[in-house]
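Q: Got a sequence here, can you build the structure:
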Amino acid sequence: MSTNITYQPSRVTRAKRGQIIGAGGLAFHGCTIWFTGLSGAGKSTLAFNLEDYLCNKCVPAYTLDGDNIRHGLNKNLGFSESDRQENIRRIGEVAKLFSDGGIVALTAFISPFRKDRDQARDIHEKAGLKFFEIFVDAPLEVCESRDVKGLYKKARAGLIQGFTGIDQHYEPPVNPDLVVKTGEESLQDCVQKIVKLLEDHGIVPESAKDTVKELIVKPDQVDSLLKEAANLPSLEMTTLDLQWLQVLSEGWATPLNGFMREKEYLQTLHFGCQVDGGVINQSIPLVLPLDTEDKERIVSNTKEGISLDISLTYKGKHVAIMRDVEFYRHRKEERVSRQFGTNHPGHPYIKMILDSGDWLVGGDLEVLERIQWNDGLDHYRLTPNELRTKFTEMGADAVFAFQLRNPVHNGHALLMQDTKRKLIERGYRNPVLLLHPLGGWTKDDDVPLPVRINQHKAVLEERVLEPESTVMAIFPSPMLYAGPTEVQWHCKARMNAGSNFYIVGRDPAGMPHPETNQDLYEATHGRKVLTMAPGLTHLEIVPFKVAAYNTKKSKMDFYDPERKEDFIFISGTKMRGFARSGELPPDGFMAPSAWKILSNYYQSLTKQF
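A: Numbers count the residues shown, from 1 in each chain. You can find the predicted model right below:
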């Protein structure tokens, strides 16, 4: 090396880089993950999948792949022992620079010689950078059976000399930071093992893990917690409160630990996200109101400076303990104005907020048992973890979610069918539909949940949607009718349940203005907001195509404005009018048995009056 050179340190500290690069600017992420293993072990596949995963979690990452590097930086090197050593030396130096820049550098090289890998580790550690050697351990016979590039076949035929594993020795790591067995473990499991390693070393926040945080205690804890709850100050919850407790307890709002404390509430209200430990979309506040009388009763016997736990009850039954609670003012007008874009008391959910208590209480939840409603529909109320397991059992390689609070007509079905077709065209082998009706509170003029479930079942029984590739489950969240703000919540919750595609419709979570009867929210803003929303980049948004009844084809079809005379639009008002009168809609609008269920419901309402 030349002697007349001087190293120039950067004026930008790593702490500063951590503030400006990735995951909410909370930590310096720079490090190198060095994948080593035989050709065909899965190093590049693992590296590129991990890169994609980390970037979707707002953690900057870049893969330095062996073949890619030899197209540029190392194109002057061959495969002799000395050239291989120089190849790895250069990569070690480049990876160090990426790491120093605050990026997670992922290197995917066979790197067969232990001393070369040790040298790469040494230059990182001397620079104060973390280096993780990961042994991608797959037996030679597994690697050879994969042989995507046909290299083993050529090596066995003598066409390639010095091929690692065949006529050149591979030196496995003696003490790797992690071993992943790609012949035994799934790709997803391998990725999560590495993410856990990074979390353990402070490289990524806890929120980077793809896990669902359930807040329900283990069965063997229930008895002792019930005894404790009996001696705690209690707060009686409404049915709406219990629905939100169910949402939290099952992990739909991961990584929240309970009803929001003031800091979490303010982050959601002003940023639409939680920003401690990364950027996590949480567009709606999950809070527990109480009135001044209850608040004063609870705190009256509590010594100042002592943490306070309370029992949450429903119809007099202890359902949860909330730890180390925090009370703060419920500024209702500010809340509804920010959340809904209006404070009009004619909006049904706004009215409930305005009528609720003047205080909010937050704290960590220990829910004593799974929430059950005993309405004959609990078996449809699958938790996020149960849905993930179901998708795995079905062999799904893509999950596309359809959120709805209305009956399914053939226009909806057309969009779901079209989405599946496009996913198959993109190379997915087994896309699965999550048909996910909202099951919490809805306004009085919406179709009740039991009727909707029976109508959806009829759609599946008539095979308008394929039952074999559809999971119908109930999403326990109440409906807020908060437009683009709420649709982010719907999307985030389905992402936690394992969906990676989300179908968004016209005016999602919208409703007419209480006075003007015009759309409260611009009909396309929900879709546009989802494509820009922070913390939702791991989910691909499928825009809703406009469907109408094609009079020439006698079925629902995608609307073509150049043939507008062939189409008629059947609005919700017109559909309800058909149903109340007993008149049949045009043939092909809805599955006949599904229509009968809907029509019977509306006619029963007419008879009541």
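Q: Please name the nearest non-neighbouring residue to Pro478.
A: Ranked by Cβ to Cβ, 6 or more residues apart in numbering and with sequence neighbours excluded, the top spatial neighbour of Pro478 is Gly440, at 3.4 Å. (Each C-beta comes from the backbone N, C-alpha and C, glycine too.)
Q: State the distance from the one you found to Gln246.
A: For Gly440, the distance to Gln246 equals 8 Å [Cβ to Cβ, to the nearest Å].
Q: ditto for Ile353
A: 19 Å.
Q: the more surrounded of those two?
A: Taking neighbours as other Cβ atoms under 10 Å, Ile353 and Gln246 compare with Gln246 leading, 24 against 21.
Q: which SSE is the more buried one in?
A: helix 239-249 (DSSP states H and E).
Q: I would like the residues contacting the helix or strand immediately after that helix in the chain, please.
A: Using DSSP H and E, the helix or strand that directly follows helix 239-249 along the chain is strand 258-259. Contacts to strand 258-259, defined as Cβ atoms under 8 Å, 6 or more residues apart in numbering, come from residues 215, 244, 248, 286-288, 322-323, 360-365.
Q: Are any of these buried, and if so which?
A: 215, 244, 248, 286-288, 322, 360-365 (16 or more other Cβ atoms under 10 Å).
Q: now, which of these sits nearest Ser477?
A: Using Cβ to Cβ, Trp244 comes nearest to Ser477 of the buried ones among the contacts of strand 258-259, at 8.0 Å.
Q: For the closest one, give me its contacts.
A: Counting by Cβ under 8 Å, 6+ apart, the residues that Trp244 touches are Phe259, Leu286, Leu288, Ser477, Pro478.
Q: and the residue nearest to the third one when sequence neighbours are not counted, what are its bridge partners?
A: In space, Leu288 comes closest to Phe259 once its chain neighbours are excluded; the distance is 4.2 Å by Cβ to Cβ, 6+ apart. In this structure, Phe259 bridges to Gly363 when assessed by DSSP bridges.
Q: What separation do you get for Phe259 and Pro561?
A: 48 Å.
Q: Output the below-cut-off pLDDT ranges for the stretch 151-300 of the chain.
A: 155, 157, 162, 165 (pLDDT under 70).
Q: Where do the helices of it begin and end?
A: Ranges of helices within the stretch 151-300 of the chain are 151-156, 187-200, 222-229, 239-249, 262-271, 292-299, based on DSSP state H, counting those that start in this stretch.
Q: how about those in JSON lines, adding distance to Pro431?
A: Shown next, in JSON lines, are these (distance: least, Cβ to Cβ, whole Å):
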{"stretch": "helix 151-156", "distance to Pro431": "33"}
{"stretch": "helix 187-200", "distance to Pro431": "17"}
{"stretch": "helix 222-229", "distance to Pro431": "40"}
{"stretch": "helix 239-249", "distance to Pro431": "27"}
{"stretch": "helix 262-271", "distance to Pro431": "32"}
{"stretch": "helix 292-299", "distance to Pro431": "48"}
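Q: Could you say which of the ones you listed is packed most deeply?
A: Highest mean neighbour count among those (mean count of other Cβ atoms under 10 Å): helix 239-249, with a mean of 21.
Q: For it, output the C-alpha coordinates as PDB.
A: In PDB, the C-alpha atoms belonging to helix 239-249 read as follows (Å, rounded to 0.1, in the frame of the first residue of the first chain):
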ATOM      1  CA  THR A 239     -69.900  -3.400  24.400                       C
ATOM      2  CA  LEU A 240     -67.900  -1.100  22.100                       C
ATOM      3  CA  ASP A 241     -65.000  -1.100  24.600                       C
ATOM      4  CA  LEU A 242     -65.100  -4.900  24.800                       C
ATOM      5  CA  GLN A 243     -64.900  -5.000  21.000                       C
ATOM      6  CA  TRP A 244     -61.700  -2.900  21.100                       C
ATOM      7  CA  LEU A 245     -60.400  -5.000  23.900                       C
ATOM      8  CA  GLN A 246     -60.800  -8.100  21.600                       C
ATOM      9  CA  VAL A 247     -59.000  -6.300  18.800                       C
ATOM     10  CA  LEU A 248     -56.100  -5.500  21.100                       C
ATOM     11  CA  SER A 249     -56.000  -8.900  22.800                       C
END
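Q: what distance separates it from the centre of its chain?
A: 19 Å (Cα atoms, centre = their mean, to the nearest Å).
Q: again with stretch 115-126
A: 37 Å.
Q: What residues of that stretch count as buried?
A: Buried-residue list, stretch 115-126, by 16+ other Cβ under 10 Å: Asp116, Arg117, Ala120, Arg121, Ile123, His124.
Q: remind me, longest strand of this protein?
A: Looking across the chain with DSSP state E, the single longest strand is strand 317-329.
Q: got the angle between the helix or strand just after it and helix 262-271?
A: Next helix or strand after strand 317-329 toward the C-terminus (DSSP H and E): helix 332-340. With axes from the mean of the first three to the mean of the last three Cα atoms, to 10 degrees defining the directions, helix 332-340 sits at 50 degrees from helix 262-271.
Q: What is helix 332-340 packed up against?
A: Other helices and strands packing on helix 332-340, by 3 or more Cβ pairs under 8 Å, 6 or more residues apart in numbering; DSSP states H and E, are helix 262-271, helix 348-355, helix 483-496.
Q: could you check the angle helix 483-496 makes with the second one?
A: When the same axes, to 10 degrees is applied, the directions of helix 348-355 and helix 483-496 differ by 100 degrees.
Q: Where do the strands of the stretch 51-200 of the chain begin and end?
A: 61-65, 104-108, 130-136, 178-180 (DSSP state E, counting those that start in this stretch).
Q: most packed of the ones you listed?
A: Using mean count of other Cβ under 10 Å, strand 104-108 ranks as the most buried of the strands of the stretch 51-200 of the chain, with a mean of 28.
Q: Can you tell me the strand partners of that strand and which way each runs?
A: strand 31-36 (parallel), strand 61-65 (parallel).
Q: what sits up against the first one?
A: By Cβ under 8 Å, 6+ apart, the list of residues contacting strand 31-36 from outside reads 43, 46-47, 50, 95-96, 98-99, 104-111, 117, 120-121, 124, 129-136, 173, 176, 194, 198, 201, 203.
Q: mind saving the C-alpha coords of it as PDB?
A: Provided in PDB are the C-alpha atoms of strand 31-36 (Å, rounded to 0.1, in the frame of the first residue of the first chain):
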ATOM      1  CA  CYS A  31     -23.600  -4.000  10.000                       C
ATOM      2  CA  THR A  32     -22.700  -6.800   7.700                       C
ATOM      3  CA  ILE A  33     -24.400 -10.200   7.400                       C
ATOM      4  CA  TRP A  34     -22.100 -12.600   5.800                       C
ATOM      5  CA  PHE A  35     -23.800 -15.600   4.300                       C
ATOM      6  CA  THR A  36     -21.500 -18.500   3.600                       C
END
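Q: Span of stretch 514-521 from start to end?
A: Chord length of stretch 514-521, first to last residue, is 12 Å (Cα to Cα, to the nearest Å).
Q: Identify the residues contacting that stretch?
A: Residues contacting stretch 514-521 (Cβ under 8 Å, 6+ apart): 341-342, 344-347, 481, 483-484, 507, 509-513.
Q: follow-up on the earlier one: can you name the residues that contact the residue nearest to Pro478?
A: Leu240, Gln243, Val247, Phe475, Pro476, Ser477, Pro478, Met479.
Q: Tell me which residues of the helix or strand that Thr392 is a member of come out buried.
A: Assessed by DSSP H and E, Thr392 sits inside helix 384-393. Buried residues in helix 384-393, defined by neighbour count with 16+ other Cβ under 10 Å: Pro384, Asn385, Leu387, Arg388, Lys390, Phe391.
Q: Mind putting these into a markdown table with distance to Asp587?
A: Listed next are the buried residues of helix 384-393 as a markdown table, based on distance: Cβ to Cβ, whole Å:
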| residue | distance to Asp587 |
| --- | --- |
| Pro384 | 39 |
| Asn385 | 42 |
| Leu387 | 35 |
| Arg388 | 39 |
| Lys390 | 35 |
| Phe391 | 35 |
